[in-house]
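# here is my input, please return the structure:
(2 chains)
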Amino acid sequence: EPEVTQTPSHQVTQMGQEVILRCVPISNHLYFYWYRQILGQKVEFLVSFYNNEISEKSEIFDDQFSVERPDGSNFTLKIRSTKLEDSAMYFCASRRDRDQPQHFGDGTRLSIL
Amino acid sequence: AQRVTQPEKLLSVFKGAPVELKCNYSYSGSPELFWYVQYSRQRLQLLLRHISRESIKGFTADLNKGETSFHLKKPFAQEEDSAMYYCALSPYSGAGSYQLTFGKGTKLSVIP
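Okay, the predicted model is just below:
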């Protein structure tokens, strides 16, 4: 069964540095999402992406965040200047269309020092 | 605003006992409800969605619009059911990206 893949599985970065989290959605999927989960808290929506543009974003997704689909397969989340509070598990998800459920990747654990 | 509440952080049951994981929601429109499961060190996996009305791994969930609940039930718990369970909500119609709003999750521990 096809899966959403995320790399790296764990990223350790100094505060203030830029970080890029990568996701390869399932190949025929059209809707892409990023979520995050701070330790001990709920999974929170960050941003959705469709037709090569952001379709919706949450209050968390401020100017330090950006998303890109640089080619036909990758979907990236960039955090420009990381803060301690960005430490979390980041999940990528994709779905084929609105009638289908979202499929999640394994997540990237981001640790900011 | 939409909200999902899972009142229990941890639920421990004995093997063979019935399980009920509670989920309540608030949403002004027409929601779609889901249960996702996360086994140890694995990804979030879809367990159930209310519109499909399936039974997966013996689990069922019925959407009760009057009580705004979507409790997950299984008549006889198995050890392999031990996992983190998340209830989630998404708009069912209208514009928007249909993103998920999650509850905080309930950790189910099945005691042998």
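
# near chain A, which residues of chain B?
B:34, B:36, B:42-46, B:49, B:86, B:88, B:96-105 (CB under 8 Å from any CB of the partner chain). Any C-beta I mention is one placed from the backbone N, CA and C, and that applies to glycine too.

# give me the buried entries from the residues you listed.
B:34, B:36, B:43-44, B:46, B:49, B:86, B:88, B:97-105 (16 or more other CB atoms under 10 Å in any protein chain shown).

# so which of these are in strands?
B:34, B:36, B:46, B:49, B:86, B:88, B:101-102 (DSSP state E).

# save these as CSV, and put in pLDDT too.
Supplementary listing: these in CSV, determined by pLDDT from 0 to 100:
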residue, pLDDT
B:F34, 94
B:Y36, 95
B:L46, 91
B:R49, 89
B:Y86, 96
B:A88, 96
B:T101, 94
B:F102, 95
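
# what about the closest residue to A:T82 other than its chain neighbours, neighbour count?
Nearest residue to A:T82, sequence neighbours excluded (CB to CB, 6 or more residues apart in numbering or on different chains): A:I112, at 4.9 Å. If you count neighbours by other CB atoms under 10 Å in any protein chain shown, A:I112 ends up with 19.

# pLDDT score for A:I112?
If you check A:I112, the pLDDT there is 96.

# what do you get for B:S26?
94.

# the ones in strands among the buried ones among the residues of chain B next to chain A: which two are farthest apart?
Greatest spatial distance in these: B:L46 and B:T101, 15.3 Å, computed using CB to CB.

# and B:V4, what element?
Take DSSP states H and E as the rule and B:V4 turns out to sit in strand B:3-5.
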